[in-house]
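Student: Okay, here's the prediction I keep looking at, along with the sequence it came from:
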Amino acid sequence: MAGLKSLVKDTAIYGLSSIIGRFLNYLLVPLYTMKLPAASGGYGVVTNVYAMTALCLVLLTYGMETGFFYFANKKEEDPLRVYSNSLISVGFTSLMFILLCLLFLHDISSFLGYAKNPEFIGMMAITIALDAFQCIPFAYLRFKKRPIKFAAIKMLFIASNIFLVLFFLVLCPWLSIHYSWVVSWFYDPNYQVGYIFMANLICISIQMLVLIPELTGFKYIFDKALIKRMLSYSFPILVLGIAGSLNQTIDKLLYPFLFADRQEAMSQLGIYGAVSKIAMIVAMFTQAFRYAYEPFVFGKNREGDNREMYASAMKYFIIVALLAFLIVMFYMDIVKHLISSDYWVGLSVVGILMIAEIFKGIYFNLSFWYKLIDQTRWGAYFSIIGCVIIVLLNIFLVPIYGYVACAWAGVIGYAVVTFLSYFVGQKKYPITYDLKSIGAYVLLAVMLYAASELIVISNLIVRLIFHTLLLFVFLAFIVKKDLPLSQIPIINQLVKKKS
């Protein structure tokens, strides 16, 4: 249990940068949706370009992050040597990416539909390359068990990004009206989307400077034999990552090409992108869990078989994910104010998107069996299957049903790969998951959500009170089944004093 407690502690610290940080960024979503009305399609541009960013980031890291953890935890390998090779490899490919993008900038921008603003693609290309390279020093911080420094640097990026976005989208417009001479030499009121990308580029550059201590103080050694083995291990993860990234972003990438009216497509994509931010609450927890879980699993694998602990981690992940789902859905009347009211038309897909995120998180937990037995090709197989399903559903259904089809495609695709990974994994690397307990939690969550939907209460205050009572039922079930109050240190001490 000591290892599981360490996992919980590290997840909480990583969550500081992931959950709290993203929440702070969420505070910008109302600003984006207010400054970029749904009809303008401006937020659709942001959604579309960031979807490209996610895919390119996977390509530029090509599984080396996971490869670093795998080889750095091998007893016969020198972790610093593995780190050096990872930095050289990813650094070189990131530099080549920048040069090629800038060389063919106008051609790329025209193909993607941004011929009028090629600088959007240029700024994001540099941002992506820097972000990809920085994944390695961040992985090294996780390997060295330095979650506080990791979280601090991530929070610096988020804080500086928030500051710059507020500067460009709030302060500069005010100054341009009242004191135009102060900002007229650099500020264009009609360039709002561009300033969002510019802020990101400035912040990733600042983060690069902060990471310099992690890039110095050791000798860079390029070991051809080692890098060959690392690339051999990581290549299936690259295929897995590409397919996985496409699973997450293909709807946002394809959307502008599936409609004759690009302006209308970008408007609808903006709505879908905005409501997706609400559903990302589950994704934030998954990300925080992943940051702690990946080095935890590989580290534990050095010590021996820890399948029982992996099974417990799966169960508690699902419990917390279901709790997050219920909180968002029960308090949608409050949460919806994260976005401007002209985007509320898309709120109906939030629940669907959160279910997709839960399946995605479960799949991530299951995925470690093929990483631990060095059969990462299975991950590539599963992800390709999921990707094909999602792509086909998007192509055939989105022109008919719009972004609702995008949401359901994600659920179906991730559900299929989750079950495939589970059944194959039970043959290759059997883990006894507590399916009975997990099933009980899922059933209870479904029943409580159904009750909240079927029992219609018009009064907002009464409705929120009713939903709170339903949430307490789920919390009480957790306490009774898996978190006895007597095990909580403070309460345990009080009980002992009374006795």
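Tutor: All right, it came through fine. Remember, predicted model here, so these are calculated numbers, not experimental data.
Student: could you point out which element follows the strand or helix carrying V90?
Tutor: Here V90 sits within helix 79-103, counting by DSSP states H and E. Next in sequence after helix 79-103, counting helices and strands by DSSP H and E, comes helix 105-112.
Student: Export that following helix to PDB, keeping only CA atoms.
Tutor: Extracted in PDB, the C-alpha atoms of helix 105-112 (Å, rounded to 0.1, in the frame of the first residue of the first chain):
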ATOM      1  CA  LEU A 105       4.900  27.900 -45.000                       C
ATOM      2  CA  HIS A 106       2.700  29.400 -47.700                       C
ATOM      3  CA  ASP A 107       2.000  26.000 -49.300                       C
ATOM      4  CA  ILE A 108       1.100  24.400 -46.000                       C
ATOM      5  CA  SER A 109      -1.000  27.400 -44.900                       C
ATOM      6  CA  SER A 110      -2.900  27.300 -48.200                       C
ATOM      7  CA  PHE A 111      -3.600  23.600 -48.000                       C
ATOM      8  CA  LEU A 112      -4.900  24.000 -44.400                       C
END
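Student: If you drop the residues flanking it in sequence, what lies closest to L31?
Tutor: L169 (6.1 Å; CB to CB, 6 or more residues apart in numbering). All C-beta atoms are positioned from the backbone trio N, CA, C, and that covers glycine.
Student: Please report phi then psi for the closest residue to I206 other than its chain neighbours.
Tutor: Closest residue to I206 apart from its sequence neighbours, by CB to CB, 6+ apart: S160 at 5.7 Å. Main-chain torsions, S160, degrees, to the nearest 10: phi -70, psi -30.
Student: any low-confidence regions in this protein?
Tutor: 1-26, 285-306, 484-499 (pLDDT under 70).
Student: And the strands in it?
Tutor: Here the chain has no strands by DSSP state E.
Student: Do a quick rundown of the helices in the stretch 201-350 of the chain.
Tutor: For the stretch 201-350 of the chain, helices defined by DSSP state H, counting those that start in this stretch occupy the ranges 224-254, 262-303, 307-330, 332-335, 350-366.
Student: out of those, deepest packed?
Tutor: Most buried of the helices of the stretch 201-350 of the chain, by mean neighbour count (mean count of other CB atoms under 10 Å): helix 350-366, with a mean of 23.
Student: so what does that helix touch, helix or strand wise?
Tutor: Under the contact definition 3 or more CB pairs under 8 Å, 6 or more residues apart in numbering; DSSP states H and E, helix 350-366 sits against helix 262-303, helix 307-330, helix 403-428.
Student: And the shortest one, how far out from the chain middle?
Tutor: Put plainly, it is helix 307-330. Once both centres are worked out by CA atoms, centre = their mean, to the nearest Å, helix 307-330 turns out to sit 17 Å from its chain's centre.
Student: likewise stretch 213-222?
Tutor: Taking CA atoms, centre = their mean, the mean C-alpha location of stretch 213-222 is offset from the chain mean by 29 Å.
Student: which residues are contacting that stretch?
Tutor: Stretch 213-222 is contacted from outside by 80-81, 83-85, 87-88, 137, 140-141, using CB atoms under 8 Å, 6 or more residues apart in numbering.
Student: and what of stretch 414-426?
Tutor: The set of residues external to stretch 414-426 that reach it, using CB under 8 Å, 6+ apart, is 247, 356, 359-360, 362-363, 366-367, 369-370, 378-379, 382-383, 385-386, 389, 431.
Student: now with 6 Å?
Tutor: 356, 359-360, 362-363, 366, 369, 382, 386, 389 (CB atoms under 6 Å, 6 or more residues apart in numbering).
Student: Pull out the buried positions in it.
Tutor: In terms of neighbour count (16 or more other CB atoms under 10 Å), stretch 414-426 has its buried residues at 414-418, 420-422, 424-425.
Student: quick one on the thing from earlier: isn't the residue nearest to L31 right up against K35?
Tutor: Yes. Between L169 and K35 there is a contact under CB atoms under 6 Å: 5.4 Å.
Student: Relative to I339, how far out is the residue nearest to L31?
Tutor: Noted for L169: a distance of 15 Å to I339, by CB to CB, to the nearest Å.
Student: next one: A129
Tutor: From A129 to I339 the distance is 31 Å (CB to CB).
Student: what do you get for L469?
Tutor: According to CB to CB, L469 stands 27 Å off from I339.
Student: In terms of neighbours, single out the busier of these two.
Tutor: Legend: neighbour count by other CB atoms under 10 Å for L469 and I339, higher for I339 (25 against 12).
Student: backbone phi and psi for the more buried one, please?
Tutor: Per degrees, to the nearest 10, the backbone of I339 is at phi -120, psi 160.
Student: With just CA atoms, put stretch 129-143 into CSV.
Tutor: These are the backbone C-alpha positions of stretch 129-143, laid out as CSV (Å, rounded to 0.1, in the frame of the first residue of the first chain):
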residue,chain,number,x,y,z
ALA,A,129,8.7,22.0,-31.9
LEU,A,130,9.7,23.6,-28.6
ASP,A,131,7.0,21.7,-26.8
ALA,A,132,8.1,18.4,-28.3
PHE,A,133,11.7,18.9,-27.2
GLN,A,134,10.6,20.0,-23.7
CYS,A,135,8.8,16.7,-23.2
ILE,A,136,12.1,15.0,-22.6
PRO,A,137,13.4,17.2,-19.8
PHE,A,138,9.9,17.1,-18.2
ALA,A,139,10.1,13.3,-18.5
TYR,A,140,13.5,13.4,-16.7
LEU,A,141,12.0,15.4,-13.9
ARG,A,142,9.3,12.8,-13.5
PHE,A,143,11.9,10.0,-13.6
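Student: what separates that stretch from the chain centre, distance-wise?
Tutor: Distance of stretch 129-143 from the chain centroid (CA atoms, centre = their mean) equals 16 Å.
Student: Tell me the buried residues in it?
Tutor: By 16+ other CB under 10 Å, the buried positions in stretch 129-143 come out as 129-143.
Student: How about stretch 63-74?
Tutor: If you call a residue buried by 16+ other CB under 10 Å, then stretch 63-74 has these buried ones: 63-73.
Student: cool, and stretch 453-472?
Tutor: Residues of stretch 453-472 classed as buried by neighbour count (16+ other CB under 10 Å): 463, 466-467, 470-471.
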